[in-house]
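S.K.: Next come a sequence and a model predicted from it.
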Amino acid sequence: MRAAVLDAPGAPEALHTATVPTPSPILSEVLVRVVAAGINPIDAKTRAGRGACGAITAWPATLGYDFSGVVVEAPYEGHPFPVGTEVFGMTPTPRTPGTYAEYAVVPSLSLARKPTSLSHVEAAGVPLAALTAWGLVVETALAHANQRILIHAGSGGVGHFAVQFAAYFGAHVIATGSPRNLDWLRELGAAEVVDHTAVRFEEAIADVDVVIDLIGNVQDDTGTRSLEVLRPGGLLIEVPTGGWTGFREAASARGIRSTGYKVIPDGSALATIARLLDSGAVRVFVDRVFDLEDAADAHRELEKGHTRGKIVLRVSDD
């Protein structure tokens, strides 16, 4: 099968197209023909030698977690996702080959039926970002009416879902973003927006119950400054791995609760998200689409840091 592979960690141009063996499913795994694959920041970090690179045991490696496609092999006749079913979900990359490829093996519990209202390209932009946002907003922040939630980088892949989920559950959403995204963030459900290029957010807002920090201290000490806006006993959720190693101690010293977060590839939660997408209550925004052969260009675009929503690879025809 065709795949965009990595022979060793490196710059975006290290990604190239090659012919590799089609993976074989075992036990309850499903073999999916990938139509489209989502691009995520963890992919770029792994490609560069960080992220999940340490878990790669053989080269060349195929990256990619997100996908939308069609089941071509199911574990048994009565399986919930029989052959021919349009599905989307996540793979446990790099423990199995990723989704920058024509086929991928996927655990049954990480699958859901593709939303009928979405194309495969749109659906491929959903799983990792939306499941991360769901875990942050619904399962960790316990979003509810009148709760004040600040979301940094609200226009990104995870951020644009987090804004929508928090607003859906009745929270008062405050989102930071660049000038071109402020009106869009309001459309997504943000009650307040802060232009991070013109305003110090800690000078504009206060008494926040939860901060969902998708940036960390790698940019203008966003994490540390977030402590200034949280109420005593509030909650800081720090998402980027290694973005601020001392956040727990810093939060504790101020009487603020804190936690990190890692996405859980839960097919049941993804099925709930699919219903929200089909109802129109939530939407996915795909900023750019690249062909599989242009995976390196997709990574270059992602690393510019200006993506609104998601970048997706088109792997094959519907």
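M.R.: Cool, the structure landed.

S.K.: Check which helices and strands the helix or strand harbouring Leu31 sits against.
M.R.: Using DSSP states H and E, Leu31 sits in strand 29-39. Applying 3 or more Cβ pairs under 8 Å, 6 or more residues apart in numbering; DSSP states H and E, we find strand 29-39 packed against strand 66-73, strand 103-107, helix 120-124, helix 127-134, helix 295-303, strand 310-314. (Each C-beta comes from the backbone N, C-alpha and C, glycine too.)

S.K.: Minimum distance to Val263: which of those has it?
M.R.: helix 127-134 (4.4 Å; Cβ to Cβ).

S.K.: okay, the closest one in PDB with CA atoms only?
M.R.: Taking Å, rounded to 0.1, in the frame of the first residue of the first chain, the C-alpha atoms of helix 127-134 are listed here in PDB:
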ATOM      1  CA  PRO A 127     -11.400  12.400  16.200                       C
ATOM      2  CA  LEU A 128      -8.200  13.400  18.100                       C
ATOM      3  CA  ALA A 129      -9.100  17.100  18.400                       C
ATOM      4  CA  ALA A 130     -12.700  16.600  19.400                       C
ATOM      5  CA  LEU A 131     -12.000  13.700  21.800                       C
ATOM      6  CA  THR A 132      -9.300  15.800  23.400                       C
ATOM      7  CA  ALA A 133     -11.700  18.800  23.700                       C
ATOM      8  CA  TRP A 134     -14.500  16.500  25.000                       C
END
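
S.K.: For the nearest residue to Ala37 once chain neighbours are set aside, which three-state class applies?
M.R.: Sequence neighbours aside, Thr99 is the residue nearest to Ala37 in space, at 4.0 Å (criterion: Cβ to Cβ, 6 or more residues apart in numbering). With DSSP: H, G, I helix; E, B strand; the rest coil as the basis, Thr99 sits in coil.

S.K.: burial count for Thr99?
M.R.: When counting by other Cβ atoms under 10 Å, one arrives at 34 neighbours for Thr99.

S.K.: Settle this for me: it is touching Asn40, isn't it.
M.R.: No - the pair Thr99 and Asn40 does not pass the contact test of Cβ atoms under 8 Å, sitting 10.4 Å apart.

S.K.: Now list whatever residues contact both of those two.
M.R.: 65-66 (Cβ atoms under 8 Å, 6 or more residues apart in numbering).

S.K.: Ok, which of the helices and strands packed on strand 29-39 comes nearest Arg283?
M.R.: Nearest of those (Cβ to Cβ): helix 120-124, 8.8 Å.

S.K.: C-alpha coordinates for the closest one, CSV please?
M.R.: What follows is helix 120-124, C-alpha atoms only, in CSV (Å, rounded to 0.1, in the frame of the first residue of the first chain):
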residue,chain,number,x,y,z
HIS,A,120,-14.6,11.8,4.8
VAL,A,121,-12.2,14.8,4.6
GLU,A,122,-14.3,16.7,7.2
ALA,A,123,-14.7,13.6,9.4
ALA,A,124,-11.0,12.9,9.4
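
S.K.: Check what contacts it and list those residues.
M.R.: Against helix 120-124 from outside (Cβ under 8 Å, 6+ apart): 35-38, 66-69, 86, 88, 114-115, 284, 286, 289, 312-314, 318.

S.K.: now do stretch 233-251
M.R.: So stretch 233-251 is contacted by 50-51, 132, 136, 140-141, 158, 208-218, 223-224, 226-227, 230, 255-261 (Cβ under 8 Å, 6+ apart).
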